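Novice: Here's my sequence, what's the structure:
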Amino acid sequence: MPDFTLIDISKEDDRLIGEAKIKYGKIYDNTENLVFFLWDFLKSAEADAWIFASFLSQVRKFAILSLLSTIRKHNAQSLMDIRQIFEASVLATYSLHERNDTTYYYKDKNDVAYVKENVRAKAYKWLGDNYKNHSDTIKNQKQIINNMWTHANILLTPLNFRLEGEEKFLSSVFDNEDDFQAKNNLWFLANSCWGLLDLFAREIIKTKMAKLSDDFVLKMQQFGKDNEFLKKELTADPRINKWIIADKR
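Specialist: Numbers count the residues shown, from 1 in each chain. Predicted coordinates:
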């Protein structure tokens, strides 16, 4: 048996969450603002937009979970949650265009529902045809996540494992302390939320299936400026800057 309980883990979670605002400062504030703006950016929605609203609920949930996973030092979980955000957001946006629910599932002779396997491909093709910049960004960001975080691999093991001496192996529920990694994950989440909110808004304006909040444009402008400022701070760090310099050679 391990020398900790689920209650111990829960107490550590509470401590990490309580310290996050002070520990990560402006980057945490910006990410929290964008994650919770996903809950406030709509004033209203048409009844026929119920599929969009249902997928949006998934986006909202996984954005919260990604934020929590990052500050609770579960890096792989945080990035896998962001992958869920991308997939739900593509389907959400597509559903404003394709509003027939039978596009997304079918029932067999026993009335058991199944996901239509081709709906994701249709949604991504539609996205590429209509919002190429957003489509390319989502594909690139998903690839970054897939290459490292969605499958077990040797490069992830040092996050919560270490060898002490010749025969003693130490494992931890929580990843090793790395404020810079956490800040990068927070920024990645915030940047993803900003881009997806922009995508939602463009299709909402086109289809008129919902109404954006009165302060949507002003908030997006401010969040966008904050995002770019924080990006410059992160990329100035030697752990990233050395690779930027190498790419320019």
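
Novice: among the helices and strands of the protein, which has the poorest mean pLDDT?
Specialist: Every helix and strand of the chain was ranked by mean pLDDT, DSSP states H and E. The lowest is helix 238-248, at a mean of 61.

Novice: What are the buried residues along the biggest helix by length in the chain?
Specialist: Criterion DSSP state H: the longest helix present in the chain is helix 6-37. Buried residues in helix 6-37, counting neighbours by 16 or more other Cβ atoms under 10 Å, are found at 13, 16, 20, 24, 27-28, 30-35, 37. Any C-beta I mention is one placed from the backbone N, CA and C, and that applies to glycine too.

Novice: Same list (those) but as a markdown table, adding distance to His74.
Specialist: Formatted as a markdown table, the buried residues of helix 6-37 follow (distance: Cβ to Cβ, whole Å):
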| residue | distance to His74 |
| --- | --- |
| Asp13 | 10 |
| Leu16 | 10 |
| Ala20 | 13 |
| Tyr24 | 15 |
| Ile27 | 18 |
| Tyr28 | 16 |
| Asn30 | 20 |
| Thr31 | 15 |
| Glu32 | 17 |
| Asn33 | 22 |
| Leu34 | 20 |
| Val35 | 16 |
| Phe37 | 23 |
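
Novice: Specify which member of these is nearest to Trp50.
Specialist: Trp50 has its nearest neighbour among those in Phe37, at 21.5 Å by Cβ to Cβ.

Novice: Number of residues surrounding the residue lying closest to that closest one once chain neighbours are set aside?
Specialist: In space, and not counting its chain neighbours, Phe37 is closest to Lys219: 6.4 Å by Cβ to Cβ, 6 or more residues apart in numbering. Lys219 has 17 neighbouring residues, counting by other Cβ atoms under 10 Å.

Novice: mind listing the helices in the chain by residue range?
Specialist: Using DSSP H, helices in the chain cover 6-37, 50-71, 75-97, 119-130, 132-148, 179-207, 216-235, 238-248.

Novice: export those helices to TSV and tack on distance to Ala113?
Specialist: What follows is these, written out as TSV (distance: least, Cβ to Cβ, whole Å):
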stretch	distance to Ala113
helix 6-37	30
helix 50-71	14
helix 75-97	16
helix 119-130	13
helix 132-148	26
helix 179-207	26
helix 216-235	35
helix 238-248	45
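
Novice: worst average pLDDT in those helices?
Specialist: Among these, helix 238-248 carries the lowest mean pLDDT, a mean of 61.

Novice: Next, find the distance separating the residue nearest the centre of the chain from Trp50.
Specialist: In the chain, the residue lying closest to the centroid (Cα atoms, centre = their mean) is Ile82, at 2.7 Å. Between Ile82 and Trp50 the computed distance is 25 Å (Cβ to Cβ, to the nearest Å).
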